[in-house]
Structures are given as C-alpha cells and as structure tokens.
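Novice: Return atomic coordinates for the entry below.
(2 chains)
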Amino acid sequence: MCTACEDLVDPKEIKLDEIIAKYQNEKGPLIPILQEAQEVYGYLPAHVLKHISKATRIPLSRIYGVVTFYAQFRLTPVGRNLINVCMGTACHVRGGAKVLETLEKELKIKDGATTEDGRFTLEIVACIGACGLAPVISINNEVHGRLLPEKIAGILAKYE
Amino acid sequence: MAENQKILVCAGTGCASSGALPIIDILKEEIKRQGLEETVTIVGTGCQGFCEKGPTIVIEPQHVLYTRVQGEDIAEIVASDVMKGERVERLLLLDTETQKPVTKMSDIRFFAKQHRIVLKNCGVIDPQRIQDYTARDGYKALEKVLKEMKPNEVIEEVKKSGLRGRGGAGFPTGLKWSFCQQTPSDKKYIICNADEGDPGAFMDRSVLEGDPHSVIEGMLIGAFAMGVDEGYVYCRAEYPLAIKHLSIAIKQAEEAGFLGDNILNSGFNFRLKVFAGAGAFVCGEETALMASIEGKRGMPRVRPPFPAVSGLWGKPTNINNVETWSNIPHIIRHGAEWYAQFGTEKSKGTKIFALTGKVNNTGLVEVPMGTTLREIIFDIGGGIQNGKAFKAVQIGGPSGGCLPENMLDLSVDYETLTNAGAMVGSGGLVIMDETTCMVDIARFFVNFSQKESCGKCTPCREGNKRMYDILDKITKGEGKIEDLDTLENLALTIKETSLCGLGQNAPNPVLATLKYFRHEFEAHILEHKCPAHVCSALLSYAIDADKCKKCGLCAKNCPANCIKGDKNTPYVINQDECIKCGTCLDKCKFGAVTRS
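Specialist: Numbers count the residues shown, from 1 in each chain, chains lettered A, B, ... in the order given. Predicted structure coming up:
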C-alpha cells in the first residue's frame, strides 16, 4: 500500500472519524462526541463542528447551541496550562476572590483569557469539590489547596 | 507487632491534593524495605472525611488516625507504630478540649458523634477492588432481592423505611419508585443524578470515589423493583476520579455477573452506563438532566408529565441522587425498621453533610437526621477557626439560606429547615464567621444563579440579573434604602413565577439574608460601611508612618507590588493599585497597617 498518502491525512481527523463511528449506533451521541473531539483538538474548531454535523446529520445550528450552552466546551484554543480558579462558596468565604485577583494581576489576563505567550489560560469554575482545602485552584487538573495570595507566584513558576 | 495490619491511606480528591499519592508510593517502598509485605497491606481508600487534616492515614486493627502526614513521616510511622506498636505522638490529633493526643480514631470528637451508614465503606475499602466490597456484605442485598423478594415487596420495604430523596427536595423514594413501576411501558430507565453542582457539597463525589459499588447495587435493586433494564449515571465532568472509579466498578460488576444479562441466574437483566456531564448547574434538575443525556441543551421543561410517566426519550424514568441510591442496599440488608430507627418522625435515616468554610474540622460528616446544627458545627466541626465568632451557616447551596446563631439549635430535617427559610438541599454546610459579609454572600449566590440560569424563562433569566445589579450596587456603597424593598419584591416574584427549581429557589439566599441580617444591608447603604470589612470598595488600607519600622515585610508580601519605601523612608501604599487583599495588614508585626 502506498504510505505517502497517509501522511497527507491529518491524524486528528482519523481520530475524529473513529470517535464518530464509535457512537454511530448510540442514542444521543452528540455530547460524548464533542467531549472526545475536544480531547483530541484541545478545543472545538469550526471545521470540526462542521465535520461532526455532516457525519451525524445533526444540524450545525443545534451543535452550536449545545457547544455554547455547556461550560466544558470551548471554541477557542487554550494555553499550555489551564488554571481553574474555584469560586465555590467555601472558597469564596475563605478568600478565593483574593486568589483570583492575584492571579489576574500576575498573569495580566481576565477570566476566560489566555496569556499572549500561550502559557496560561485562566478560568473561573463553580466548584471542584475540594472544599475542605479552600481556597483552591487547579492547574491541569492538579489541585492546589489552602492557598494564600503570596503563594501564587511560586506555584505558577512550576508550569512552563 | 500485630498480625495482618492494614494501612489505609486516604486517596480522595481532598487528600490527593494535599499530597497523599506520593505517600502511598513511599509507604509501599518502606514496607518492602522492612520486609513487611507479607503482614502489612496498604490500601488506597476513598475519602475518610477529615479533609482539613489531610493527608490522613489509618492503621488497622489498632484504629489509629495520623493526620497531615508527609513523606518524611513515613519511616517513623513504620518503625514505631507498625513494627513496635508505639504511637507517633506528634502526628496524632489533639483533643479540642483536653489538648491531649487521641490514640483511637473512634474517640476523636469529629468521628465519635457521627453515624456512618452510607459512608460505612468510604475510607475503609479500596474502591477499585470489588472483592473489598463483597467482603463487607456487598451485593448481598441484591442477592436477597433477586432470590427472596418480589418487586412490590422491595418497594414496600423502601416506603416503610421512610427514605426521602437526598438530592434536595426530599420526596419519598418508595413512592417515587411506585409511580415509575405502575406506568406500563415496553422500556423504562433509571438514572443516578451525580451532577453535584452545588458549590460546597462533595458527598456524592466522595461516595462515587470511595464506594462506587454501593451506588451500583442500589440502582440494581431499584431497577428490579421498577422493572427497568437500562440505567445511566449522570456524573459531572469536573469529577474525573469519580468517573474513573465508577467505570472500573461497572466493569468489575459486569465480570462478576452482577450487571448484564440473567444476573445471578434470576432472569433479570440490567445495563448501566456512565454519562459525563458537560458543566451546567441546571442539569441537576431532572428534566434538564434528561435533555442533556439526549444530547440537547440542558433546559428544564414543564412538569407534568413527570419523568415517571414520560422521561428519557419519552419513556418512564426514575431519577434518584447518589446518596439516595447508596442507602438502598443497607435498607434491604438490615430491614426498613432498622433504618427507620434513625432520624426524626418525618425524616428518617442519616444525612451526609459537607462541612466547610470557617470551621476547624472541614470534611464529610454523616449524622442521623434531627441532629442540631450546633452539634454538627461545634461538637463535630470543632467550632470556628482562629477563635473568631460564629455568624451564620449557609445550608443547601444556591437554593438554600443563611441561618444566624439563634437558630443553631434547629434540628436538621427537611421540614424544620424549609420552615426556617433554608433547605437540606444536597447537604452543603458552609460556616461563616464575623469576617464574612452577608451582603457579599447574597451577591455571590445570586451571581452564581444568574450565570447558571439556562435562560428559558424570563423571571429567572432577567430577575436574577437585576437582583445581582442591586446587590452589587449595595456592596459598592451606592445602594438606596428603597432598594431593599425592590429586592424583596423581585425575589418573591422570581420564586413564584420561575419554571424550575433553580429559578424558584435562587432568591432564597437573598430572602434569608434580608430576613436575618438586614442590619448589614442597612450599614452598607446608610453608613457606607461593610461591618465585616469585606466589600473592598468600602475599605482602604494605609500605613501609619509613625508606627512603620521600615522592615519592608509588607512590600515583600504585597501580591500587587504596590507598596513602596526603603530603609530610610516609611512605606506607603499606592491606593490606585491596591487590590485590598489585606496581606500587608496580616504581615505587619508592628500594627502599622490600618484598615478603614
């Protein structure tokens, strides 16, 4: 078999087709497909949504409606490190807002934005369920608890 | 040295983030190094409940709890406790009253007053091994149901137990089951609601992480009773460890013949799938949750028809939450009478609460219904941190309310709390002290609800936004006294006219704070003061030049880098750049920083 052509096919697209095929006979496949596609691409680019629409015969408008409804889905790329700042009740009463302010100052970005060098994306989340250690943030799913504003710089330095 | 010792290391999300995972590896290595592999078993467990003191480890059978354990403590624990039976005193917990180290875990006040039914296995077994669950009578209740009971008898037993939905509303579980059972249909579904979106609640996560088989067994029993062959667990994506443990448990249950076709040769079939939510608080509402599984935007719809008649894909569906399902095997195994001995007349059994905020012992506690708030917060929770004064307890999350000190002797049950303007809800208890501003808390919850509103109905979508605007104005000192009436009117209108539970209950935090803490609102409006020193627009920090010793500690710790000075000039805060975090006030050893 000619292998040269294989190089021309985007390996991510092959993955995407595999995901769609996996859910072909499942009921209500849209959300799991979008979740797995986002795993592959890091976000959900327009061409991916169009591709999913075509393959599943779900109208693009409906897919867009779903993607923009749920907090998990993103239409823009994320930085190399994703910071989730918990703003749940327990974190709020234990000074979560100060942690957020410090992060915003330190990174010079607001909630939902990515630093210019693509190193960090900052996102507020409602609760990561580590309330016992409030205030907490998680960076790439690694939870840092019992935070103080002055600890932030040291933690950020660990992520390239 | 005792034979067959077990070292239980808490590997729940809380302790894992305090550094528990490396400890397991270090412990394994140390046990190997000492040649103890034959006699000592190391178990990575789910949440042991005492998050505040994590990482925690328990040595069995001696029943000793070590807290805040670090990697460098391991060698000492193994050499002293495991090998010689001598306690490592510095890692034991001090009793809050006597200040003496407590050697037996069950004597620790945090655990002594609890009664663990649902959490029985959490923190004790390895959740990734089905053998650990079956060794503690796991799947015995399923066996009993399949071999000895008829579906109607199961439902009667659950009815008799008095179990009510642990997700918040408290609807009698047995009755709910009977509705679904009685609807004729070729296909029915059951769902486990694990979309634990209430900030400050993490019991469902801990049960799924620490004892996933109990939820599966509960669902199997429910499926048999209602005549259902397919089920879903809808778990929020923010809980990756819960999803992982649950998926492992499902696979093991399938291999062991507890899930799938012809379960235990009874002819009963049941399949269970995990559906990961995608981050929407409103999906905790049952009709929104089902829309989400169907691949749609998670928007609630009008009931009736109730899910028991027309639910997932238009088929009769029964939804219960994690804690409710997890109670079922215990009720079947020990009987309804046994279960009904716990709790109050109308609220039976136990309830798990997530104790967080400004309390000494944060963590998960399971107590019989009817326990007072004071017992939970002061006896189990060990009182308020840093000797501060208690101000309020927020109960029931964004749908609940804040209760003041004079209500601490209320019994925790569905009716009492609802009458007081709060609700049991999912069981989050956030403790607030004198440094918490109640206006800010009201604003916080309304902000949460307005962000999470799905936008389908106007009162919730627009009303919460307007309430937020008014509260925001008040926290900035720009409020007017008539705003309080507007707030109240708006809140009652939203309550009455919203479509789903999210909207109907979103004004509760506002109404409760207005009722019990009106004086704080008035202080913000009339005196432009935040009595708790939280609302930053009403605060300013300054350094008293006469008291400043020019040590520079404030400037060194300032996260905004806005304090300037040197060895010869007193330090000064640049007010334009100050983020009012208060770090300088905490750090100054000479009392030179003032807040006004």
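
Novice: ok, the residue lying closest to B:K346 once chain neighbours are set aside - how many residues close by?
Specialist: Leaving aside its sequence neighbours, B:K346 sits nearest to B:E415 (Cβ to Cβ, 6 or more residues apart in numbering or on different chains; 6.0 Å). The way it works is simple: take the backbone N, C-alpha and C, and place the C-beta from them, glycine included. Residues contacting B:E415 under the criterion other Cβ atoms under 10 Å in any protein chain shown number 14.

Novice: Next one: B:E415 relative to B:M423, how far apart?
Specialist: 10 Å (Cβ to Cβ, to the nearest Å).

Novice: what secondary structure does the residue nearest to B:K346 sit in?
Specialist: Look at B:E415: counting by DSSP: H, G, I helix; E, B strand; the rest coil, its state is helix.

Novice: for B:N320, same thing?
Specialist: Taken by three-state DSSP, the conformation at B:N320 corresponds to strand.

Novice: again with B:I117
Specialist: Here B:I117 is coil, with the state taken from three-state DSSP.

Novice: need the contact list for the closest residue to chain B within chain A.
Specialist: In chain A, the residue that lies nearest chain B is A:G132 (2.5 Å; Cβ to the nearest Cβ). By Cβ atoms under 8 Å, 6 or more residues apart in numbering or on different chains, the contact list for A:G132 reads A:A90, A:G145, B:G14, B:C51, B:E52, B:G54, B:F202, B:T356, B:T362, B:G363.

Novice: Inside strands: which ones of those?
Specialist: B:T356, B:G363 (DSSP state E).

Novice: now the contacts of A:G132 in CSV, with pLDDT and distance to B:G123?
Specialist: Shown next, in CSV, are the contacts of A:G132 (pLDDT from 0 to 100; distance: Cβ to Cβ, whole Å):
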residue, pLDDT, distance to B:G123
A:A90, 87, 20
A:G145, 89, 18
B:G14, 85, 11
B:C51, 87, 11
B:E52, 85, 14
B:G54, 87, 11
B:F202, 91, 14
B:T356, 92, 18
B:T362, 90, 15
B:G363, 91, 10
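
Novice: need the contacts of A:G132 in CSV with neighbour count and distance to B:G591, can you?
Specialist: Shown next, in CSV, are these (neighbours: other Cβ atoms under 10 Å in any protein chain shown; distance: Cβ to Cβ, whole Å):
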residue, neighbour count, distance to B:G591
A:A90, 33, 30
A:G145, 24, 30
B:G14, 33, 36
B:C51, 31, 34
B:E52, 24, 30
B:G54, 29, 34
B:F202, 34, 39
B:T356, 32, 31
B:T362, 30, 30
B:G363, 27, 35
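
Novice: what pLDDT does A:V40 get?
Specialist: For A:V40, the model assigns a pLDDT of 95.

Novice: hang on, it packs against A:K12?
Specialist: Yes: between A:V40 and A:K12 there is a contact under Cβ atoms under 8 Å: 5.4 Å.

Novice: Among the two, which residue is more densely surrounded?
Specialist: Using other Cβ under 10 Å, the more surrounded residue of A:V40 and A:K12 is A:V40, with 16 against 13.

Novice: Check the contacts of A:G132 and tell me the two furthest apart.
Specialist: Greatest spatial distance among the contacts of A:G132 (Cβ to Cβ): A:A90 and B:G54, at 14.8 Å.

Novice: Walk me through the domains of the chain.
Specialist: By default, I'm working from chain A. In the domain annotation for chain A, the residue ranges read A:9-69, A:81-156 (automatic domain parsing).

Novice: Please refer instead to chain B.
Specialist: Split into domains by automatic domain parsing, chain B comes to B:5-112, B:130-339, B:350-433, B:438-526, B:540-595.

Novice: now the end-to-end length of the last one.
Specialist: By Cα to Cα, to the nearest Å, the extent of domain B:540-595 from end to end equals 6 Å.

Novice: now do the fourth one
Specialist: Counting by Cα to Cα, you get 16 Å between the two ends of domain B:438-526.

Novice: for that domain, the distance to its chain's centre please.
Specialist: Centroid displacement of domain B:438-526 relative to its chain, using Cα atoms, centre = their mean, to the nearest Å, is 24 Å.

Novice: Tell me if it is near chain A.
Specialist: Yes: using Cβ under 8 Å from any Cβ of the partner chain, domain B:438-526 reaches chain A at B:I441, B:F444, B:F445, B:F448, B:E452, B:C454.

Novice: Which of these sits closest to chain A?
Specialist: For the residues of domain B:438-526 next to chain A, the residue nearest chain A by Cβ to the nearest Cβ is B:F444; the value is 5.4 Å.

Novice: What ranges does the stretch 251-400 of chain B have for its helices?
Specialist: When secondary structure is read from DSSP state H, counting those that start in this stretch, the stretch 251-400 of chain B shows helices at B:286-293, B:322-334, B:336-340, B:373-374.

Novice: closest to chain A out of those?
Specialist: helix B:286-293 (5.7 Å).

Novice: Please name the residues that touch B:I108.
Specialist: B:L65, B:L93, B:D95, B:V102.

Novice: Could you identify the most distant pair in those residues?
Specialist: For the contacts of B:I108, and using Cβ to Cβ, no pair is farther apart than B:L65 and B:D95, which are 12.4 Å apart.

Novice: which residues do the two both contact?
Specialist: Common neighbours of B:L65 and B:D95 are listed as B:V102, B:I108 (criterion: Cβ under 8 Å, 6+ apart).

Novice: Looking only at neighbour counts, state which of those two leads.
Specialist: B:L65 (26 against 14).

Novice: Leaving out chain neighbours, which residue sits closest to that one?
Specialist: Of all residues not flanking B:L65 in the chain, B:M105 sits nearest, at 4.2 Å (Cβ to Cβ, 6+ apart).

Novice: so what's the residue nearest the centre of chain B closest to, chain neighbours aside?
Specialist: Centroid check for chain B by Cα atoms, centre = their mean gives B:A201 as the closest residue, at 2.2 Å. Once flanking residues are discounted, B:A201 sits nearest to B:G428: 3.7 Å by Cβ to Cβ, 6+ apart.

Novice: Run through the chain and note the low-pLDDT ranges.
Specialist: Just going to use chain A. Residue ranges of chain A with pLDDT under 70: A:1-8.

Novice: not what I meant, chain B
Specialist: For chain B, the stretches with pLDDT under 70 are B:1-3.

Novice: what would the contacts of A:G132 look like in JSON lines with distance to B:M83?
Specialist: Shown next, in JSON lines, are the contacts of A:G132 (distance: Cβ to Cβ, whole Å):
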{"residue": "A:A90", "distance to B:M83": "39"}
{"residue": "A:G145", "distance to B:M83": "32"}
{"residue": "B:G14", "distance to B:M83": "29"}
{"residue": "B:C51", "distance to B:M83": "29"}
{"residue": "B:E52", "distance to B:M83": "29"}
{"residue": "B:G54", "distance to B:M83": "25"}
{"residue": "B:F202", "distance to B:M83": "36"}
{"residue": "B:T356", "distance to B:M83": "37"}
{"residue": "B:T362", "distance to B:M83": "33"}
{"residue": "B:G363", "distance to B:M83": "30"}
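
Novice: from the contacts of A:G132, which is closest to B:I563?
Specialist: Using Cβ to Cβ, the contacts of A:G132 come closest to B:I563 at A:G145, 27.5 Å.

Novice: Quick check: residues of the stretch 151-300 of chain B near chain A?
Specialist: B:196-202, B:205, B:237-240, B:275-281, B:292-298.

Novice: Narrow those to those in strands?
Specialist: B:F275, B:A276.

Novice: Can you report how many residues lie near B:S106?
Specialist: Neighbourhood size, B:S106 [other Cβ under 10 Å]: 10.

Novice: right, and it touches B:A112 too?
Specialist: Yes: using Cβ under 8 Å, B:S106 makes contact with B:A112 at a distance of 6.3 Å.

Novice: could I have stretch A:103-123 exported to PDB, CA atoms only?
Specialist: Written as PDB, here are the backbone C-alpha positions of stretch A:103-123 (Å, rounded to 0.1, in the frame of the first residue of the first chain):
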ATOM      1  CA  LEU A 103      -3.800  35.600  39.500                       C
ATOM      2  CA  GLU A 104      -5.300  38.200  37.200                       C
ATOM      3  CA  LYS A 105      -2.600  40.700  38.200                       C
ATOM      4  CA  GLU A 106       0.200  38.200  38.000                       C
ATOM      5  CA  LEU A 107      -0.900  36.900  34.500                       C
ATOM      6  CA  LYS A 108      -2.300  40.200  33.300                       C
ATOM      7  CA  ILE A 109      -5.400  38.500  31.900                       C
ATOM      8  CA  LYS A 110      -9.100  38.100  33.000                       C
ATOM      9  CA  ASP A 111     -11.300  35.100  33.400                       C
ATOM     10  CA  GLY A 112     -11.600  33.100  30.100                       C
ATOM     11  CA  ALA A 113      -8.500  34.700  28.500                       C
ATOM     12  CA  THR A 114      -5.100  33.200  27.600                       C
ATOM     13  CA  THR A 115      -1.700  34.900  28.100                       C
ATOM     14  CA  GLU A 116      -0.100  36.300  25.000                       C
ATOM     15  CA  ASP A 117       2.700  33.700  25.100                       C
ATOM     16  CA  GLY A 118       0.100  30.900  25.300                       C
ATOM     17  CA  ARG A 119       1.400  29.700  28.600                       C
ATOM     18  CA  PHE A 120      -1.700  30.000  30.800                       C
ATOM     19  CA  THR A 121      -5.400  30.100  30.300                       C
ATOM     20  CA  LEU A 122      -7.400  31.400  33.300                       C
ATOM     21  CA  GLU A 123     -10.900  30.100  34.000                       C
END
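
Novice: Many thanks, I have nothing further to ask.
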